[in-house]
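Asks: coordinates only, sequence not included:
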């Protein structure tokens, strides 16, 4: 079945450093979503990418969808302590299923 | 807009006992999902409903798990009998689920029900 791989599993950065997480699918995706889960919380929707090569920005967060619609990335510039949490990509397949990646847990040294 | 409601928030049971979780999605959301999230892992889809019909239950352990959404609104997920490996957070989510409109398949999650099986 469809798989969504996410790397790295963990990232520990100094506050102010950049952070990137990558998501790769074994199949072409209809669209991809990104969610953030704070420690002890539930996933909260961040953004959805639909078009091949699409790039979207939300303040310090930059989201990209690959040209082949099989991979995506989330980049955070100049991390802050409020960015702590686990970032999940979620792939929406043609079968109307939403499959979550394993997540990248971001921790930050103040 | 009220969010996705789930109960109970926490449940501790012994193995072989049964447990039921309840979810009330956002009003007007046609699609309802139950995910299992084991500590340190991503949410794993157990079952997906479109109104009161099942869209996907391929990863639901049907020998012990059951779910229903009888009137196309709220839903219950039951585990009977529970095993130690069922310890997890059970997340309910909903989405508009109608066609390809932008945002139609964006998930809104409830706070989750944390199950501990001893």
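Replies: Noted; the coordinates are in hand. Bear in mind the structure is a predicted one, so any value in this text is a computation, not a measurement.
Asks: and the helix or strand bottoming out on mean pLDDT in chain A, what does it pack onto?
Replies: Between all helices and strands in chain A, the lowest mean by mean pLDDT, DSSP states H and E belongs to strand A:98-100, at a mean of 89. Other elements packing on strand A:98-100 under the criterion 3 or more C-beta pairs under 8 Å, 6 or more residues apart in numbering or on different chains; DSSP states H and E are strand A:85-92, strand B:44-50. C-beta: built from backbone N, CA, C; applies to glycine.
Asks: Let me see the mean pLDDT of the first one.
Replies: pLDDT averaged over strand A:85-92 equals 94, rounded to a whole number.
Asks: now swap in the last one and tell me
Replies: Summarised as a single mean, pLDDT over strand B:44-50 is 94.
Asks: what angle sits between it and strand A:85-92?
Replies: Angle, strand B:44-50 to strand A:85-92, by axes from the mean of the first three to the mean of the last three C-alpha atoms, to 10 degrees: 50 degrees.
Asks: does any part of strand B:44-50 sit near chain A?
Replies: Yes: using C-beta under 8 Å from any C-beta of the partner chain, strand B:44-50 reaches chain A at B:44, B:45, B:48.
Asks: From the chain's centroid, how far away is stretch B:48-61?
Replies: Centroid separation for stretch B:48-61 versus its chain: 10 Å, with C-alpha atoms, centre = their mean, to the nearest Å.
Asks: can you pull the buried residues of it?
Replies: Within stretch B:48-61, the residues scored as buried using 16 or more other C-beta atoms under 10 Å in any protein chain shown are B:48, B:49, B:50, B:55, B:56, B:57, B:60.
Asks: Repeat that for stretch B:12-29.
Replies: B:13, B:19, B:21, B:23, B:24, B:25, B:26, B:29.
Asks: Sounds good, over and out.
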